[in-house]
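Chemist: this is a predicted model, with the sequence first.
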Amino acid sequence: MRSPMQEAGERDRVNLVERLVAEAIRSLPEPLRGAADELLIVVDGSTRGGLYGVFDGLPRGADDTGSLPPRITIFARTLLADFAPGAELAAEVRTTLVHEIGHYLGLEEGDLEARGLE
């Protein structure tokens, strides 16, 4: 069982990633910023198989009648396990966000790799 201090520290770390995501969104050029505005972007304090982020939903332009809104989940714990707070973490948060927005825009893994967003 985790102590209240450990839980508070974990919340602070998730809050840090939330701030980095918000900063990354503000720094995006159009049309990426516009695409980000169409998405639900969530920072999750858990892990998911070593992933930094995941896009769930249909790509932009697909018939989404009856579907849940498209969503990007950023996994704070995974990012923080691999990167210390600082410039490298901020850069990876931005890269992960752009990668997942790319999926929303219909890009496949190969397309993203060709753009340096693997």
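Modeler: Now that the structure is in, tell me what you want to look at.

Chemist: just give the number of residues close to Ser67.
Modeler: Here the count is done by other C-beta atoms under 10 Å, and Ser67 has 10 residues near it. C-beta: built from backbone N, CA, C; applies to glycine.

Chemist: the helix or strand hosting Val14: how far from the chain's middle?
Modeler: Assigned by DSSP states H and E, Val14 belongs to helix 4-27. Computed by C-alpha atoms, centre = their mean, to the nearest Å, the chain-centroid distance of helix 4-27 equals 12 Å.

Chemist: residue numbering should commence at 336 henceforth.
Modeler: Got it, first residue is 336 now, which makes that one helix 339-362.

Chemist: please state the offset of the very next helix or strand once past it from the chain centre?
Modeler: Scanning forward in sequence from helix 339-362 by DSSP H and E, the next helix or strand is helix 367-372. Mean C-alpha position of helix 367-372 versus that of the full chain (C-alpha atoms, centre = their mean) differs by 13 Å.

Chemist: what's the average pLDDT for helix 367-372?
Modeler: Helix 367-372 carries an average pLDDT of 95.

Chemist: got the CA positions of it in PDB?
Modeler: Presented in PDB, the C-alpha positions along helix 367-372 are these (Å, rounded to 0.1, in the frame of the first residue of the first chain):
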ATOM      1  CA  LEU A 367      -2.000  20.200 -35.800                       C
ATOM      2  CA  ARG A 368      -3.300  22.600 -33.200                       C
ATOM      3  CA  GLY A 369      -6.700  22.600 -34.800                       C
ATOM      4  CA  ALA A 370      -6.700  18.800 -34.900                       C
ATOM      5  CA  ALA A 371      -5.700  18.700 -31.200                       C
ATOM      6  CA  ASP A 372      -8.700  20.900 -30.400                       C
END
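
Chemist: for whatever helix or strand comes next after it, give me every contacting residue.
Modeler: Elements were assigned by DSSP H and E; along the chain past helix 367-372, the next helix or strand is strand 375-379. Contacts of strand 375-379 with the rest of the structure, by C-beta atoms under 8 Å, 6 or more residues apart in numbering, involve 349, 352-353, 356, 360, 404-411, 432.
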